[in-house]
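[1] Provided below are the primary sequence and the corresponding predicted coordinates.
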Amino acid sequence: MRGDYLNNSVRRYGQVFVARGVIWWPSRWRRTVAIHWQRHCVDGGVSRIAVHPARQREGTGQQLIAGALQYTRDLDYLSVSFGYTGELWRFWHRCGFVLVRMGNHREASSGCYTAMALLPMSNAGKQLAEREHYRLRRDAQALAKWNGETLPVDPLNDAVLSDDDWLELAGFAFAHRPLLTSLGCLLRLLQTSELALPALRGRLQKNVSDAQLCTTLKLSGRKMLLVRQREEAAQALFALNDVRTERLRDRITQWQFFH
């Protein structure tokens, strides 16, 4: 049902509202500069699902998901974002979803970190889910240390910079990719680099506050601190491979110009 949405599955127990609200909307998801993917995937999103508390733990939510899947056509994957709790993740895992993202800022409403999961529905969707889950496993130790919570994945202890890492790092150094969104690859860069990089190491390895770093480095505020951190990332990349870094910087400059 491309271009439409499905507000599916109202089930009643007697006259009592039991469950409602699986909403799907297909769209085109274009991979960003820092998340390299060759193919545009057609995706659907789970916007909301609700089951009356008195009727939870009876499989109703899984039935809603399974029922709604019957109405989807030509999708590569379904995605869902939610405030992470162990119980909520176990539900989505039982529905077949694969965890691919974990945020590092708590939601104001729930106090939880935002998580994202994918349900593959094609070979392309399966490849995407596997690739992104692997990326999460590489970042798991860094995220767990930063968030103070263990992720439900098997972490990989891999300090080698991958092609994806180079793209993300270039996106941070030469564009507008946020610092903490780049946490995993920046820590791998710091492990690889022999440069001092005080603004990056101070924040990410020593957990020094932004205010203290600004005082120590004689910077006028957080904006200037971020500028310094981007400059340090660029210095580290050029020191590792100046030709590759220059090529990535040129590509990102072109992408920014056309977009």
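    Sure, I can see it. Residues are numbered from 1 along each chain as shown.
[2] Now do the residue nearest to residue 124 when sequence neighbours are not counted against residue 205, distance only.
    Once flanking residues are discounted, residue 124 sits nearest to residue 76: 4.8 Å by Cβ to Cβ, 6 or more residues apart in numbering. Glycine gets a C-beta too; all of them are placed from N, C-alpha and C. For residue 76, the distance to residue 205 equals 38 Å [Cβ to Cβ, to the nearest Å].
[3] which residues in the stretch 101-250 of the chain form strands?
    Taking DSSP state E, counting those that start in this stretch as the test, the strands found in the stretch 101-250 of the chain are 113-120.
[4] helix/strand/coil for residue 48?
    Following DSSP: H, G, I helix; E, B strand; the rest coil, the label given to residue 48 is coil.
[5] Please report how far it lies from residue 237.
    In this view, residue 48 and residue 237 are 42 Å apart by Cβ to Cβ.
[6] residues of the longest helix along the chain that come out buried?
    If you go by DSSP state H, the chain has its longest helix at helix 123-147. Buried residues in helix 123-147, counted by 16 or more other Cβ atoms under 10 Å: 124-125, 127-129, 132-133, 135-143, 146-147.
[7] related to what we said a few turns ago, which one's more surrounded, residue 48 and residue 237?
    Ranked by neighbour count (other Cβ atoms under 10 Å), residue 48 and residue 237 place residue 237 first, with 24 against 10.
[8] Now do the residue nearest to residue 124: how many residues are near it, please.
    Neighbours of residue 76 under the rule other Cβ under 10 Å: 23.
[9] What of residue 52?
    Residue 52 is flanked by 15 other residues according to other Cβ under 10 Å.
[10] cool, residue 195 as well?
    The number of residues packed near residue 195 is 15, by other Cβ under 10 Å.
[11] and it, how far is that from residue 239?
    Distance of residue 195 to residue 239, given as Cβ to Cβ: 6 Å.
[12] do the same with residue 97
    40 Å.
[13] Looking at these two, which has the bigger crowd around it?
    Each of residue 97 and residue 239 has its neighbours counted (other Cβ under 10 Å); residue 97 has more, 24 against 14.
[14] how close does that one get to residue 115?
    Shown here: residue 97 relative to residue 115, a distance of 10 Å by Cβ to Cβ.
[15] How about residue 43?
    According to Cβ to Cβ, residue 43 stands 17 Å off from residue 115.
[16] No more questions from me, cheers.
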